[in-house]
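Peer 1: let's see this in three dimensions:
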Amino acid sequence: MMKKLFDEPHRIFLISAPIILLIGIWSSESVLDINVHDAYFVIAYLYLAIMISTIFAIIGIGYWIMHKTKRKLSKWLNWIHIGLTFCGPLIMLILAQFYRKEITEYDFNNNLTLIIVLLFLLIVLGQIIFPINIIYSLTQRGK
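Peer 2: Alright, predicted model coming up:
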């Protein structure tokens, strides 16, 4: 099962795109509030789901094209990209559950916020692995 997933990564992305979109439609009344010092960023879950679904569909189509043209992608780059894309947000959600409500716990919450932001940046930077893998595959001779 896992071997098939990393040999054909387009499947997980193309299946995840409509699922994420449906979750966004289902929770369209909810919003994500991000507080950065004195500024608040408010994003509706529906728009966030549309953006993520579109990105997943583009990535899935890219992997699918590489699969259909029989271009060999790097397995370890696939592992890193898929791991960061799917496990990273799960870890962020788990870490967000540890926020403390007491006013005296600001240091703990600030450190936790820093870890979550760094993990988010790692996930975003990890998306660069997808085009690197495509370029690597296109520059290889042979298969």
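
Peer 1: am I right that residue 21 is in a helix?
Peer 2: Yes. Residue 21: assigned to a helix according to DSSP: H, G, I helix; E, B strand; the rest coil.

Peer 1: thought it was touching residue 47?
Peer 2: No. Using CB atoms under 8 Å, residue 21 is not in contact with residue 47; the gap is 11.2 Å. Glycine gets a C-beta too; all of them are placed from N, C-alpha and C.

Peer 1: settle it for me: which of those two has more neighbours?
Peer 2: Taking neighbours as other CB atoms under 10 Å, residue 21 and residue 47 compare with residue 21 leading, 18 against 13.

Peer 1: now that one, nearest residue through space, not along the chain?
Peer 2: Once flanking residues are discounted, residue 21 sits nearest to residue 53: 4.2 Å by CB to CB, 6 or more residues apart in numbering.

Peer 1: helices of this structure, start to end?
Peer 2: Here the chain has its helices, by DSSP state H, at 2-7, 10-26, 45-68, 75-96, 106-126, 129-139.

Peer 1: how about those helices, which one is nearest residue 38?
Peer 2: Counting by CB to CB, residue 38 lies closest to helix 106-126 out of the helices of the chain; the figure is 15.5 Å.

Peer 1: check the residue positioned nearest the centre of the chain and give its pLDDT.
Peer 2: By CA atoms, centre = their mean, the chain has its centre lying nearest to residue 85, at 3.3 Å. Here, the pLDDT recorded for residue 85 equals 93.

Peer 1: quick check: pLDDT value at the residue nearest to residue 21.
Peer 2: 95.

Peer 1: how near is it to residue 79?
Peer 2: Here the criterion is CB to CB, to the nearest Å. By it, residue 53 lies 23 Å from residue 79.

Peer 1: more neighbours, these two?
Peer 2: Between residue 53 and residue 79, counting by other CB under 10 Å, residue 53 is the more crowded of the two (20 against 15).

Peer 1: which residues does that one contact?
Peer 2: For residue 53, the contact set (CB atoms under 8 Å, 6 or more residues apart in numbering) comprises 17-18, 20-21, 24.
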